[in-house]
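> fold the following, please.
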Amino acid sequence: MAVNLDKEAYYRRIKRLYSNWKKGEDEFGKVDAIVVSVGVDEEIVYAKSTAIQTWLFGYELTDTIMVFCDTKIIFLASKKKVDFLKQVATTKGNENANGVPPITLLTREKNESNKANFDKMIEAIRGSKEGKTVGVFSKDKFPGEYMKSWNDTITAEGLEKVDISAVVAYTMAVKEDGELSLMKKAAAITSEVYSKFFKERVMEIVDADEKVRHSKLAESVEKAIEEKKYLGGADPSTVEMCYPPIIQSGGNYSLKFSVVSDKNHMHFGAITCAMGIRYKSYCSNLVRTLMVDPPQEMQDNYNFLLQVEEELLKVLKHGVIISDAYNSVLEFVKKEKPDLVSKLTKNLGFAMGIEFREGSLVLNAKNQYKLKKGMVLSISLGFSDLLNKDGKKDEQKKYALFIGDSVQINEEETATILTPVKKKIKNVGIFLKCGSIKPFCCLQNEMTAEEKRRAHQKELANHLNEEAKRRLTEQKGEQHIQKARKSNVSYKNVSQMPREKDIRDMKIFIDKKYETVVMPVFGIATPFHIATIKNISMSVEGDYTYLRINFYVPGSSLGRQEGNIFPNPEATFVKEITYRASNLKAPGDTSVPSTNLQNAFRIIKEVQKRYKTREAEEKEKEGIVKQDSLVINLNRSNPKLKDLYIRPNIAQKRMQGSLEAHTNGFRFTSVRGDKVDILYNNIKHAIFQPCDGEMIIVLHFHLKNAIMFGKRRHTDVQFYTEVGEITTDLGKHQHMHDRDDLYAEQMEREMRHKLKSAFKNFIEKVETLTKEELEFEVPFRDLGFQGAPYRSTCLLQPTSSSLVNVTEWPPFVVTLDEVELVHFERVQFHLKNFDVVIVYKDYSKKVTMINAVPVNSLDPIKEWLNSCDIKYTEGVQSLNWTKIMKTIVDDPEGFFEQGGWSFLDPESEGSGAEEDSESEMEDETFNPSADEEEEEEEDSDEDYSSETEDSGKIASLGSEEESGKDWDELEEEARKGWCPYILLTVYFNYQFYNEPDYMHIKKCVHYTISGVTGLFK
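Numbering: from 1, shown residues only. Alright, predicted model coming up:
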């Protein structure tokens, strides 16, 4: 079986199981051995037997029997499964090397009896402790002769069965970091599907007044998880529903997860939706209630339900007994709204993991188990059978409110919500008429996609300037601190010394601002910078507390900074200072004298830690960061891809090699023996470009810090292989029905499929190996657009966190989190393409230009940027970005005082001012005579005197043109000298233009005037 097993996870978890068993608490104390038998039953989705297999091995093993004894473990399975389990089977001589009993593997016989194997397992059970009782999962009953013959063997031997479902569930309930990351991913996908699909679909139904059945809507939600755009980059094959979505409305409500959506039409009232998505076997859950035109009483009850959930989250902490948490919530409801106690759900949730619902860990009044840090719960609470006084029809008279989230239990803090979908009344209320409260949506005034985008972009614009100003202020402060730190001088002059009471009383004082410790030395307050202190220690001896401070001196190990700290090594240095203070409180003293030393010890440690952390961060940013050494995993089953090329090339000629994943990074080894190491923690983006529509299949790594190979530094490294002939022989005679060509096409299709499967398998193994810390992003080809970031045009494709092109070289990778805004240049109706300018949050970084983007991609790009919460602007001209960015960096305060980035927005005041100044310049260029100005003013006044006269004026102007000279005569006069008539015509056209595209026409007129002025002067 070519499947890897996470051995470290297996050993950790089997140790935890045996540790809890040996403690002998609850049912664990009653069993001498544990038996887990799994048969084949497609109808069983959740079972404790399959859950423990997934927990231990990462896979379900059908027709497998596991016997856990006191001193040995026995697995009985088919030959393929035995080969798989050999990865954790210990060999002779190191049986207890991992602290767990040795494993014995038995291969299942082809006949159904398997008597010899059963006898060996019964013998092992008899030899475990007293050999009388076995722990089983009593609810798990698998069909088939194989399982029946095993159960009959246990019964025939007279072994007593004890149900250990609850204690095993409690053992598995505390999740490891890897499990938590999977559950967080599952919760994120659930939130995406709800927000981007279900909620939007309900809005469409209400808006169009459609009649849709609950069952049909639930089916559409199940189909939605097959689309990648809702999965946040996850592979659809790893995603499934925990249960069919439950949608209820119209007075028929059952606030349970065992019901199914009925075939009634959705009623526009209180609409409850429960959905849970499972990612790589780990579950999540989300419950929300959408309300259409809710009356005030319904809103009040819903707001109270939110308060009840907040109260529940406060009490869900490590060490709290489940029944106590339930009772505290019940008391809160009794105190605030006693009439709703009978309407509250009978339980408030349950533990969740590989199994969706853990029956032994339900949040109710009887459960005595304690919550533990790392548990994940599905909390769900609601009020049912509520009466709507305003309801006239039967389906309007009754309603229910139901909310729920996936939450993680913490040590002391409030439980963390993993499904942060907004649930306030303004987020879930659909108001058909704009009322007194701020509505979530007013469907009477339907907003177009463009209007929605503009509204969102306006919010982003307001936030953009504030965020940029705050960030620049912080960066400026950091730069100031760095300059002070590098000098390692506490105070440049005496005036900077603090005037604190502790200093006057000859006590130790820590100045956090200047990172200085002021100590009394021979009765004089002497400052020492924190960089000069090597370490400190505190001890208590008898009635005194001693604080010992060791300093860096020449000769001590400092590394690179020794020369910087000791510019004058011949000077006299203090190596050590020890202070002593009494632990006894003298009469009249407010505190014990040693308190000062204790506080000094604590604060010095804090300041020292902060200083060292900052120094370490600065070191990382200087030049090429020194990488950790690659930890080689000698296991032959490491994920590996062969016959790959590397870009950029190691040598002048491209060479093939293999890419292998090790413990903390990848190693590429060429056929010549060259090695390139890429560590997981240095990868910023890992991108998998499939071969759909491409001639190569690529794994691309965009790095945080550059690495050196081939005598150059690189931040982008990719590994690829060709999937077809990149070049075609045009001289070769081809025919569409040529058998050789058809065969070659078929072979190419098969090769593409084979390569895609191999790369996907490699990616899955690497993600499992790194416990999901490294995730590969797949570009969304449907959202791609053509553009030229470098010399040639290529297809630029968004991923979940970047915009990339990795098929052409050099590659193009832009991290979306680093983007401040995007500006579109040369956006004009008569041009076929435009340019995209990407401005980064780091203003010192050069802007990125993408040229020649087709104009038909403008709207899709805007939609995509808007969905990513990135501000965009557009203009008709190309700007000098080098000067703009230099101006901003030189004087950021002045830039933001003048409106910041609003100068790019055509609807802003800055744009209007710009146009005014432009028109003033043009007016200066063209100076007609005073008589002509007076005539124009008179005409202008007459034109604007009344609306009724406009048409007459335009008609009269037209008649004058018709009776006047033709264009040839006017051009002839223009060559000879000045021609005011053309300008007058342009002026009047400008005055009488009164269409929606006024701003655009205004600019065109200005350009026309400039052109005429230049021609006739």
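> quick one, what contacts Ile125?
32-33, 35, 67, 69, 131, 134, 157, 159 (Cβ atoms under 8 Å, 6 or more residues apart in numbering). Where you see a C-beta, it was placed from the backbone N, CA and C, and this is true even at glycine.
> give me the pLDDT for it.
With respect to pLDDT, Ile125 scores 91.
> that one and Leu159, how far apart?
Noted for Ile125: a distance of 7 Å to Leu159, by Cβ to Cβ, to the nearest Å.
> between these two, which contacts overlap?
Listed as contacting both Ile125 and Leu159 by Cβ under 8 Å, 6+ apart are Val134.
> redo the contacts of Ile125 as a markdown table? Include distance to Ile322, neighbour count and secondary structure.
Output for these, formatted as a markdown table (distance: Cβ to Cβ, whole Å; neighbours: other Cβ atoms under 10 Å; DSSP: H, G, I helix; E, B strand; the rest coil):
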| residue | distance to Ile322 | neighbour count | secondary structure |
| --- | --- | --- | --- |
| Asp32 | 29 | 20 | coil |
| Ala33 | 29 | 27 | strand |
| Val35 | 29 | 24 | strand |
| Val67 | 32 | 23 | strand |
| Cys69 | 32 | 23 | coil |
| Gly131 | 35 | 18 | coil |
| Val134 | 28 | 23 | strand |
| Glu157 | 37 | 15 | coil |
| Leu159 | 32 | 20 | coil |
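> just the closest of those to Asn301, please.
Nearest to Asn301 among the contacts of Ile125, counting by Cβ to Cβ, is Val35 at 49.8 Å.
> how about the contacts made by that closest one?
Val35 touches 65-68, 125, 134-136, 154, counting by Cβ under 8 Å, 6+ apart.
> just the ones in helices from these, please.
Counting by DSSP state H, the part of the contacts of Val35 found in helices is 125, 154.
> excluding chain neighbours, what is closest to Gly710?
Spatially, and ignoring its direct neighbours in sequence, Gly710 is nearest to Ile650 (5.2 Å; Cβ to Cβ, 6 or more residues apart in numbering).
> got a list of what that neighbour touches?
670, 672, 674, 676, 709-710.
> check Thr578 too.
Neighbours of Thr578 in contact, by Cβ under 8 Å, 6+ apart: 546-549.
> please apply the same query to Glu355.
Residues near Glu355 by Cβ under 8 Å, 6+ apart: 46-48, 51, 169, 283.
> in strands, which of those residues appear?
Judged by DSSP state E, strands contain none of the contacts of Glu355.
> which residues touch Ala586?
Residues in contact with Ala586 (Cβ under 8 Å, 6+ apart) are Pro593.
> about what we covered before: a markdown table please, covering the contacts of Val35 and showing distance to Tyr514.
Shown next, in a markdown table, are the contacts of Val35 (distance: Cβ to Cβ, whole Å):
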| residue | distance to Tyr514 |
| --- | --- |
| Ile65 | 70 |
| Met66 | 64 |
| Val67 | 68 |
| Phe68 | 62 |
| Ile125 | 71 |
| Val134 | 70 |
| Gly135 | 64 |
| Val136 | 68 |
| Ile154 | 75 |
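> closest to Val259 out of the contacts of Val35?
Val136 (30.1 Å).
> model confidence at the closest residue to that closest one other than its chain neighbours, what's the number?
Excluding its sequence neighbours, the residue lying closest to Val136 (Cβ to Cβ, 6+ apart) is Lys161, at 5.0 Å. Predicted confidence (pLDDT) for Lys161: 92.
> check Gln475 too.
Note on Gln475: pLDDT of 68.
> repeat for the one 3 residues further on
You'll see Glu478 listed with a pLDDT of 51.
> got any ranges where the stretch 551-700 of the chain has weak pLDDT?
556-567, 569, 616-624 (pLDDT under 70).
> now the strands for it?
With strands called from DSSP state E, counting those that start in this stretch, the stretch 551-700 of the chain shows them at 576-582, 640-647, 656-661, 665-670, 675-679, 683-689, 696-709.
> between the ones you listed, which gets nearest to Thr613?
strand 696-709 (18.0 Å).
> packing partners of the helix or strand just after the closest one?
Going down the chain from strand 696-709, the next helix or strand is strand 712-722, by DSSP states H and E. For strand 712-722, the packing partners by 3 or more Cβ pairs under 8 Å, 6 or more residues apart in numbering; DSSP states H and E come out as strand 640-647, strand 696-709.
> quick revisit: quick one: the residue nearest to Val136 is in a helix?
No - applying DSSP: H, G, I helix; E, B strand; the rest coil, one finds Lys161 to be strand, outside a helix.
> what is the neighbour count of it?
Neighbour count of Lys161, defined by other Cβ atoms under 10 Å: 16.
> that one and Thr133 touch, don't they?
Yes - judged on Cβ atoms under 8 Å, Lys161 makes contact with Thr133 at a distance of 7.5 Å.
> overlap of the contact sets of those two?
Among the neighbours of Lys161, none is also in contact with Thr133 (Cβ under 8 Å, 6+ apart).
> out of the strands of the stretch 551-700 of the chain, which is closest to Thr770?
Using Cβ to Cβ, these put strand 656-661 closest to Thr770, at 8.2 Å.
> any idea how far His265 is from Leu217?
In terms of Cβ to Cβ, His265 sits 10 Å off from Leu217.
> revised request: answer the last question for Phe824.
38 Å.
> now the two most distant members of the contacts of Ile125.
Cys69 and Glu157 (14.5 Å).
> can you list the domains in the protein?
With domains defined by the TED database, the chain comprises 7-172, 177-430, 500-622, 640-724+741-778, 782-900.
> return the most buried member of the ones you listed.
Highest mean neighbour count among those (mean count of other Cβ atoms under 10 Å): domain 177-430, with a mean of 19.
> not counting its neighbours along the chain, what's nearest Lys585?
Nearest one to Lys585, counting by Cβ to Cβ, 6+ apart, is Val592 at 5.0 Å.
> residue contacts, that neighbour?
By Cβ under 8 Å, 6+ apart, the contact set of Val592 is 582-585.
> of those, closest to Cys794?
Among the contacts of Val592, and counting by Cβ to Cβ, the member closest to Cys794 is Asn583, at 73.6 Å.
> how much space between Gln496 and Tyr514?
Distance from Gln496 to Tyr514, by Cβ to Cβ: 7 Å.
> try Arg288
Per Cβ to Cβ, Arg288 is found 52 Å from Tyr514.
> any idea of the pLDDT on the closest residue to Asp32 other than its chain neighbours?
Among residues not flanking Asp32 along the chain, Lys129 sits closest, at 3.9 Å (Cβ to Cβ, 6+ apart). Lys129 carries a pLDDT value of 88.
> Leu387 contacts Gln396, correct?
No - between Leu387 and Gln396 there is no contact under Cβ under 8 Å: 10.3 Å.
> in the sheet, who's paired with Ile536?
Using DSSP bridges, the bridge partners assigned to Ile536 are Ile549.
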